[in-house]
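A.B. asks: everything below, folded, please.
(one chain, ligands or ions: 1)
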Amino acid sequence: MEHPAEPWPVGEAERVEPLVRRVLAPNPSFFTYTGTQTYLVGHAGGLAVIDPGPDDEEHVAALLAAIGDARVTAIACTHTHRDHSPAARLLRDRTGAPVIGCAALDLEDDGPRSDAPFDHDYAPDRVLADGERLEGDGWTIAAVATPGHTSNHLCFALEESGALFTGDHVMGWSTSVVVPPDGDMAQYLASLQKLHDREDRVHYPAHGPAGDNPRQLVRGMIGHRRQRERQILRLLEEAPQAIAAMVPKMYKGVNEALWPAAGRSVHAHLIDLERRGEVACSAETWQLAR
Ligand SMILES: [Zn+2]
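C.D. replies: Take a look at the predicted model:
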């Protein structure tokens, strides 16, 4: 994936609008682009920290420097992937602020939900349901439930400015990875439609640049997923086949290091199509159901 010509400065607080600053964590990768962006909302009288980021002392030190003497009143997480929520604990220890936002995932069993990318130790002090508000000094943040990338994903709407913090649900640089069984393509598409129906002014994703034209961006993403779905149905019309055979045809020109993740997205589409009675699977071979 190409990086921008001028990467954001790591560890420096940049003001993106009067109420909002952004601090980039030093964790660039194929899946995090230039790294996780933590957002600080508010002023000295009270700050919310959105997506504190990975378990990384350097990043936490940068956040504490940006926070300065301000009081942190909430540490909010969009979801519990390891590049988003682990620093919440470090920041709670240092500031005493509560962790508020998405629910912990139910990881009681050893099933596939408890896979490595998840932050198992995430323990929120308060979970926000869809539409619930968090009020601070001059700001109001409302939770927007957006399951799909993960089942517990929330976006956060800053009501004073019309900004939406989109976490990993909508990112300008890449489509979101949807990994079953916790990731769910039907939910993801419904959550995209939910954002499309909103009137947000700007999107601030956890990775990549702000989105100045949210509705157009989201419409494009919905179209992209529909196109992938049609591509899958066309391939299965030609012949029943396994996901491993479909990915190279669907992701020509895409870096092969991303094919395993692409395969999981294809799987997410197939599960959705199977639920709708369009396809069936036996012994890892997928075929049209009729
Ligand atoms: Zn994520």
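A.B. asks: okay, strands next: where are they in the stretch 1-150 of the chain?
C.D. replies: 13-17, 20-24, 37-43, 46-50, 72-77, 99-101, 126-127, 133-136, 139-145 (DSSP state E, counting those that start in this stretch).
A.B. asks: scratch that, the stretch 151-290 of the chain
C.D. replies: 154-158, 163-167, 202-205, 279-282, 285-288.
A.B. asks: most packed of the ones you listed?
C.D. replies: With neighbours taken as mean count of other Cβ atoms under 10 Å, these reach their highest mean count in strand 163-167, at a mean of 27. Glycine gets a C-beta too; all of them are placed from N, C-alpha and C.
A.B. asks: so it versus strand 13-17, what angle?
C.D. replies: Relative orientation of strand 163-167 versus strand 13-17 (axes from the mean of the first three to the mean of the last three Cα atoms, to 10 degrees): 130 degrees.
A.B. asks: ok so, going back, now the strands of the stretch 1-150 of the chain as CSV including mean pLDDT and distance to residue 229?
C.D. replies: Below are these laid out as CSV (pLDDT from 0 to 100; distance: least, Cβ to Cβ, whole Å):
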stretch, mean pLDDT, distance to residue 229
strand 13-17, 95, 35
strand 20-24, 97, 34
strand 37-43, 97, 30
strand 46-50, 97, 32
strand 72-77, 98, 30
strand 99-101, 97, 31
strand 126-127, 97, 32
strand 133-136, 96, 36
strand 139-145, 98, 23
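A.B. asks: want to throw those strands into JSON lines with distance to residue 169?
C.D. replies: Shown next, in JSON lines, are those (distance: least, Cβ to Cβ, whole Å):
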{"stretch": "strand 13-17", "distance to residue 169": "19"}
{"stretch": "strand 20-24", "distance to residue 169": "17"}
{"stretch": "strand 37-43", "distance to residue 169": "14"}
{"stretch": "strand 46-50", "distance to residue 169": "13"}
{"stretch": "strand 72-77", "distance to residue 169": "13"}
{"stretch": "strand 99-101", "distance to residue 169": "13"}
{"stretch": "strand 126-127", "distance to residue 169": "18"}
{"stretch": "strand 133-136", "distance to residue 169": "18"}
{"stretch": "strand 139-145", "distance to residue 169": "9"}
